[in-house]
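K.L.:
give me a 3D structure for the following:
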Amino acid sequence: MSESILVEEEGGILRLTIDRQARLNAIDLEAMTELGDLISAAAARPSVRVIVLTGAGKAFCTGADLAAAAAAGGNEASPQVVMDTANALIRAIIAAPTPVIARINGPAAGVGASIALAADLVYAADSAYLLLPFTSIGLMPDGGATAVVAAAMGRARAAEMALLGARLPAADAAAAGLITRCVPAAALDDQIEAVAAQLAAGPRRALQLTKAAINAATLTELDAALAREKDGQIELLTSADFLEGMTAMLTRRAPNFTGAVHPIAEPA
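P.N.:
Residues are numbered from 1 along each chain as shown. Modelled structure (predicted):
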């Protein structure tokens with residue numbers, strides 16, 4: 001077990017908290033793997049009646065930890081491993097037999113937004129926001145975002161959020177149907193506790209079948225989306241534009257994209 005995921009269980013409620021506060025809960029491969037494994041393992045435990053996902057401190061999750069990947073030099077995981085791990089986490093949330101609640105206490109960006117939006121019920125503080133900033137560094141949305149966001153609020157709004165990387169305040173996300181509810185930050189914990197307690201006391205099998213039926217009706221394209229995102233992101237993660245985008249982000253300057261579609265040249 002890593003120190004990046006805090007685990008608490010009480011009264012049928014399993015709370016999983018991303019705790020990488022020095023990185024605003026940007027998630028690395030180890031933490032992503034652990035989170036997916038914890039959710040999958042909970043499926044076999046009758047004592048778990050509901051799962052709550054959140055982040056410690058000021059953020060929910062600000063996406064993949066690109067700084068850590070850059071610091072790893074040539075030792076980072078392959079793009080295929082990264083995408084398989086992210087997809088496994090999203091599938092674990094969707095397939096969990098218990099309802100999953102996302103508690104968005106602060107920014108939910110990149111794959112962090114995808115993780116939150118894969119949950120069945122999503123409650124956000126009015127100070128929080130969602131962001132899909134992938135194209136700003138030469139990537140495309142992943143974690144099922146191309147399916148989940150469009151399914152929730154339609155093609156036009158999804159395209160604006162994904163193509164322009166437009167920040168979406170929690171109130172606007174709720175109004176667009178992307179999240180369940182936006183609540184005052186001071187009331188977020190009470191809201192989560194009330195909903196989690198109601199679900200934990202509810203009929204487990206009925207809730208499971210209801211969740212599965214809703215997902216089957218609304219996320220028919222999820223598997224195809226995850227496959228498209230994986231193929232596209234593997235290509236983009238080896239592109240010159242991503243190298244430029246990541247370098248620009250880490251050095252705090254504007255990127256200069258060339259539009260090149262070919263992979264980064266291998267060293268001679």
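
K.L.:
every contact and neighbour count from this point should use C-alpha atoms.
P.N.:
Will do.

K.L.:
which stretches of the stretch 51-200 of the chain have low pLDDT?
P.N.:
Applying pLDDT under 70 to the stretch 51-200 of the chain flags residues 69-75.

K.L.:
would you map the helices across the stretch 1-150 of the chain?
P.N.:
Listed in chain order, the helices of the stretch 1-150 of the chain (DSSP state H, counting those that start in this stretch) span 29-42, 66-71, 79-95, 111-117, 145-153.

K.L.:
helices or strands next to the third one in the packing?
P.N.:
Where contact means 3 or more CA pairs under 8 Å, 6 or more residues apart in numbering; DSSP states H and E, helix 79-95 is packed against helix 29-42, helix 111-117, helix 222-237.

K.L.:
who's in contact with residue 94?
P.N.:
Neighbour list for residue 94: 118-120, 215 [criterion: CA atoms under 8 Å, 6 or more residues apart in numbering].

K.L.:
I meant residue 233, not that one.
P.N.:
Residue 233 neighbours (CA under 8 Å, 6+ apart): 79, 83, 139-140, 142.

K.L.:
same check on residue 84?
P.N.:
residue 230.

K.L.:
and if we set it to 10 Å?
P.N.:
33, 78, 143, 226-227, 230 (CA atoms under 10 Å, 6 or more residues apart in numbering).

K.L.:
before we move on, back to that, let's have the helices and strands packed on helix 79-95 in TSV, adding distance to residue 22.
P.N.:
Listed next are those as TSV, based on distance: least, CA to CA, whole Å:
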stretch	distance to residue 22
helix 29-42	14
helix 111-117	16
helix 222-237	25
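
K.L.:
compare the ones you listed and give me the one nearest residue 191.
P.N.:
helix 111-117 (16.3 Å; CA to CA).

K.L.:
from the contact counts, what lies against the closest one?
P.N.:
Applying 3 or more CA pairs under 10 Å, 6 or more residues apart in numbering; DSSP states H and E, we find helix 111-117 packed against strand 50-55, helix 79-95, strand 100-104, strand 108-109, strand 121-125, strand 129-131, helix 145-153.

K.L.:
show me which positions of stretch 179-194 end up buried.
P.N.:
179-183, 185, 188, 191-192 (16 or more other CA atoms under 10 Å).

K.L.:
quick check: end-to-end length of it?
P.N.:
17 Å (CA to CA, to the nearest Å).

K.L.:
what do you get for stretch 102-115?
P.N.:
Using CA to CA, the end-to-end distance of stretch 102-115 comes to 8 Å.

K.L.:
distance-wise, check the residue lying closest to residue 98 once chain neighbours are set aside relative to residue 146.
P.N.:
Leaving aside its sequence neighbours, residue 98 sits nearest to residue 50 (CA to CA, 6 or more residues apart in numbering; 5.3 Å). Computed as CA to CA, the residue 50 to residue 146 distance reads 26 Å.

K.L.:
what's the answer for residue 237, then?
P.N.:
Distance from residue 237 to residue 146, by CA to CA: 17 Å.

K.L.:
any idea which of the helices and strands packed on helix 111-117 is most buried?
P.N.:
Comparing the helices and strands packed on helix 111-117 by mean neighbour count (mean count of other CA atoms under 10 Å), strand 108-109 comes out on top with a mean of 28.

K.L.:
list the contacts of that strand.
P.N.:
24-26, 54-55, 59-64, 114-117, 124, 128-134, 165, 167-168, 170.

K.L.:
then stretch 246-259?
P.N.:
The contact list for stretch 246-259 (CA under 10 Å, 6+ apart) reads 66-67, 70, 136-139, 239-245.

K.L.:
circling back: most widely separated two among the contacts of residue 84?
P.N.:
Checking the contacts of residue 84 with CA to CA, the most distant pair is 33 and 227, at 18.5 Å.
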